[in-house]
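Trainee: Here you go, sequence then predicted model.
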Amino acid sequence: MGTAKARELYFTAEILNAEQIEKLGLANHVVDDANLESETLASQEARRRPRVAWWHVKKNMKVAEEGTLSEALDSEAARMIRTGETQDQRKPPRPREKRRPPRARRRQSTGLVGQ
């Protein structure tokens, strides 16, 4: 959307329907009321993906849009290595209903007095 249309909407306070919102690019996608629950559940599933990896993907996209090809390739290579080293990559998170309850851990004594 251009600045002229943005100003028009701002100053007129025009109420838009879902089709207009989607056409203007103000929403990624619009769903029917009947599909809202299934689409919401799919969106929640997407949020369970490894956050660190997706952060790196977003950064790579920004470098690809604004930088040179060489910078984009270097960024992607470096971020792939970093992503592979994260806890997210090593073991997928368990669904909440299957997680074990937290357990207390005892601190081990160093054997020194006062520590």
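Mentor: Nice, I can see it.

Trainee: Could I get the full set of helices for this structure?
Mentor: 3-12, 18-24, 36-47, 51-66, 69-84, 87-90 (DSSP state H).

Trainee: For the closest residue to residue 80 other than its chain neighbours, grab the count of nearby residues.
Mentor: Nearest residue to residue 80 in three dimensions, chain neighbours excluded: residue 56, at 7.9 Å (C-beta to C-beta, 6 or more residues apart in numbering). In short, each C-beta sits where N, CA and C put it, glycine included. A count of neighbours around residue 56, defined by other C-beta atoms under 10 Å, yields 19.

Trainee: before we move on, what about the one 4 residues further on?
Mentor: The burial count assigned to residue 60 is 19, neighbours taken as other C-beta under 10 Å.

Trainee: what does residue 54 give?
Mentor: Neighbours around residue 54, by other C-beta under 10 Å: 14.

Trainee: so what's it scoring on pLDDT?
Mentor: We have a pLDDT of 81 for residue 54.

Trainee: And it, how close does it get to residue 12?
Mentor: 37 Å (C-beta to C-beta, to the nearest Å).

Trainee: Could you chop this protein up by domain?
Mentor: If you go by automatic domain parsing, the domain ranges for the chain are 1-48, 49-89.

Trainee: For my notes, please list those domains in CSV and give distance to residue 103 for each entry.
Mentor: What follows is the domains of the chain, written out as CSV (distance: least, C-beta to C-beta, whole Å):
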stretch, distance to residue 103
domain 1-48, 23
domain 49-89, 18
